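K.L.:
Need coordinates for the below:
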Amino acid sequence: MSFKKKLLKIVGKNDSLLCVGLDVDKEKIPSFLFKTSKNPFLDFNKSIINATRDLVCAYKLNMAFYEVLGSKGLTLLKRTIQYIPRDIVVILDGKRNDIGNTARKYAQTQFETFSADAATVNPYLGEDSIKPFLEFRDKCTFILCRTSNTSAVDLQDLPVIKKVPLYQKVARLIKKWNIYGNCGVVVGATYPHELKIIRGIMGDEIPLLIPGIGAQGGNVETTVKNGINRYGEMAIINSSRGIIYAGGDESFSQASRVNALYLKDEINKYR
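P.N.:
This next block holds a predicted model:
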C-alpha cells in the first residue's frame, strides 16, 4: 500500500488529522514509572499509544530522544514502532541527509531497519541527496520547507531568484521532485501565512506535516484552514508535549487521551 493510501485510510477510519509525537524524555515522564516498571520508557509509550490509537492518523518519533539513550534507545525506538498498530502511519523524524551514498544509508535505516512509513529530511544538499529516499516509492519523504522555530527566518526568508523567499523556492523544488508522488512537506504551524502559500504551491496531492501546535503556540483554526487541501485532507497536524505529558501521576495516559480528543475535535471543527 502506498503512503498516501495508508494515510487516507486511517484518516477516514479515525476521522482524524492528529499526529501524536512520542518524544520520550526522562525529565518529563511520570517518575513513578521508574519505580514500578522494568522498562519505563517502553511502558510509557505503550500507555500513550493504547490511550490514543483511535484518535490519531499518525505517530511521529523524533530520533534524538531515542538516540540520546544509546543502544537501549535504538531498541526502544524499534519496539515502539513495532507496537504501533499497522494501520496507523509511523513517521520517523530524524531530519537526515548527506551526499548520495550516505543519504542512501539514512534512507535504508529509516525505511528498512526501523520500518517507518515516512521520514523527514533536510533539502540543503539538493536533489541528488533526496533521490535515495524517493526510491522507496511506497514511503513518504517529508522535506523541510518552513520550520516552526523562531530563527527559521535567518535562512528561509532570504530572497533568491526574483526576490522570491528561499522557502518558496524549496517548495517549488519539492513539487518538481514529486515524480513518484511520495514527497511531503514540513511546514510549521507557527507561520500560518507561509503555510497557506505552501499549500497553494503544493496543490491537493502533496501531504503537509505540520508541527508547532500546542506548546509552540500554533493556532489550530488557521493551521487547519491554511494546511488542508480542498477535501479537508493531506495535513498531518502534530502535537507532542501538549499530549503525552498532560499528566504526571498514575492516570497520565487518561490525561493524554483527554488532550488528544480535544485537539482532534478542534481540528475537525475547522475541516
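K.L.:
hey, let's count contacts and neighbours off CA atoms from now on
P.N.:
Will do.
K.L.:
Which SSE is immediately downstream of the worst-scoring helix or strand of the chain on mean pLDDT?
P.N.:
Every helix and strand in the chain was compared by mean pLDDT, DSSP states H and E; the lowest is helix 153-156, with a mean of 82. Downstream of helix 153-156, the next assigned helix or strand under DSSP states H and E is helix 166-177.
K.L.:
mean confidence score for that next one?
P.N.:
For helix 166-177, the mean per-residue pLDDT is 96.
K.L.:
Can you name every helix or strand that it contacts?
P.N.:
Packing partners of helix 166-177 (3 or more Cα pairs under 8 Å, 6 or more residues apart in numbering; DSSP states H and E): strand 140-146, helix 153-156, strand 183-187, helix 192-202.
K.L.:
Just the buried residues of it, please?
P.N.:
Residues 166-168, 170-172, 174-175, 177 are the ones in helix 166-177 that count as buried (16 or more other Cα atoms under 10 Å).
K.L.:
between that helix and strand 183-187, how many degrees?
P.N.:
170 degrees (axes from the mean of the first three to the mean of the last three Cα atoms, to 10 degrees).
K.L.:
Contact partners for residue 174?
P.N.:
Counting by Cα atoms under 8 Å, 6 or more residues apart in numbering, residue 174 touches 143, 183-185.
K.L.:
Throw these into JSON lines and include neighbour count, pLDDT and distance to residue 82, thanks.
P.N.:
Output for the contacts of residue 174, formatted as JSON lines (neighbours: other Cα atoms under 10 Å; pLDDT from 0 to 100; distance: Cα to Cα, whole Å):
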{"residue": "143", "neighbour count": "25", "pLDDT": "98", "distance to residue 82": "24"}
{"residue": "183", "neighbour count": "26", "pLDDT": "98", "distance to residue 82": "24"}
{"residue": "184", "neighbour count": "29", "pLDDT": "98", "distance to residue 82": "23"}
{"residue": "185", "neighbour count": "28", "pLDDT": "98", "distance to residue 82": "25"}
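K.L.:
Serialize the residues you listed to a markdown table and add fields for distance to residue 16.
P.N.:
Below are these laid out as a markdown table (distance: Cα to Cα, whole Å):
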| residue | distance to residue 16 |
| --- | --- |
| 143 | 22 |
| 183 | 21 |
| 184 | 18 |
| 185 | 19 |
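K.L.:
Pull up the gap between the nearest residue to residue 17 once chain neighbours are set aside and residue 16, please.
P.N.:
Nearest non-adjacent residue to residue 17, counting by Cα to Cα, 6 or more residues apart in numbering: residue 236, 5.2 Å away. Separation of residue 236 from residue 16 (Cα to Cα, to the nearest Å) stands at 9 Å.
K.L.:
how deep is residue 178 tucked in, by neighbour count?
P.N.:
17 (other Cα atoms under 10 Å).
K.L.:
Pretty sure residue 232 sits against residue 226.
P.N.:
No. Between residue 232 and residue 226 no contact is recorded; they are 10.4 Å apart, counting by Cα atoms under 8 Å.
K.L.:
More neighbours: those two, which one.
P.N.:
Under the neighbour definition other Cα under 10 Å, residue 232 and residue 226 were set side by side, and residue 226 has more, 20 against 15.
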